[in-house]
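S.K.: Generate a structure from the sequence data that follows.
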Amino acid sequence: MSNNVSDELWNRVNYYDTNIIVSLTDYLRPRHLSIFHEPPIPYIGTPLTEHYHTVQSAECLGWIDSVRVIDAPGRPGYHLQGWGWDRRSQTSPHRLVLADGAQRIIGDTISGMPRADVVSSLHDDRAGHAGWVGYVSGLNGRQKIDAYTILPGYRGVCLVGTIMAPTRR
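M.R.: So this is what the prediction gives:
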């Protein structure tokens, strides 16, 4: 239910009764409870460079593994998954922002997802929760989506991946 996108497939995998999740979301979001304890990035729809400066991609690693169309009535969008790593601090990013080809912020993520493959690739156990899941609404058609890690201390954002959004039906 992040970014007002209802991901029925993700909800079915993670929750017993998806109808309860939809009603709980409407209760939890305004009270900043559960996954909504942190407010969403308030900059949706604004230029990335208005809020963050970009740093060289050599400071971070990551990837967008997948993007999937969500055709939920009233709450359509895209589900993205990937991983990120801050080379300087040797940590997983706390948050990422998603931007379109014009570098307009269009979504954010929930990070901390388990990623054993990243541990193996980086040879670092600290990368065990480098995964993230994000949602984007408001796009239609083949458009570029960039994922940027927000570096510790908000010292900037670092591009970790780019993917083309598939056309929604």
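S.K.: From now on I want contacts and neighbour counts done on CA atoms only, so please keep to that.
M.R.: OK.
S.K.: Low-confidence regions, this structure specifically.
M.R.: 1-41, 140, 169 (pLDDT under 70).
S.K.: Recalculate using a threshold of 80.
M.R.: Where the chain drops to pLDDT under 80, the residues are 1-42, 72-75, 138-142, 153-155, 168-169.
S.K.: and Thr46, how many neighbours?
M.R.: Using other Cα atoms under 10 Å, Thr46 has 14 other residues around it.
S.K.: Revised request: answer the last question for Thr162.
M.R.: 18.
S.K.: roughly how far apart are it and Val67?
M.R.: Distance of Thr162 to Val67, given as Cα to Cα, to the nearest Å: 10 Å.
S.K.: Please settle this for me: is Val119 part of a helix?
M.R.: Yes. Counting by DSSP: H, G, I helix; E, B strand; the rest coil, Val119 falls inside a helix.
S.K.: Please name the residues that touch it.
M.R.: Asp125, Arg126, Ala127, Gly128 (Cα atoms under 8 Å, 6 or more residues apart in numbering).
S.K.: In those, which residue is surrounded by the most others?
M.R.: Highest neighbour count within the contacts of Val119, by other Cα under 10 Å: Ala127, with 26 neighbours.
S.K.: In space, what's closest to that residue - neighbours in sequence excluded?
M.R.: Distance criterion Cα to Cα, 6 or more residues apart in numbering; nearest residue to Ala127, sequence neighbours excluded, is Val119 at 5.2 Å.
S.K.: quick revisit: can you tell me which of the contacts of Val119 is nearest Ala102?
M.R.: Proximity of the contacts of Val119 to Ala102 (Cα to Cα) peaks at Ala127, which lies at 30.5 Å.
S.K.: for that closest one, helix, strand, or coil?
M.R.: Applying three-state DSSP: Ala127 is helix.
S.K.: dump the residue contacts of it.
M.R.: Ala127 neighbours (Cα under 8 Å, 6+ apart): Trp85, Thr91, Ser92, Arg115, Val118, Val119.
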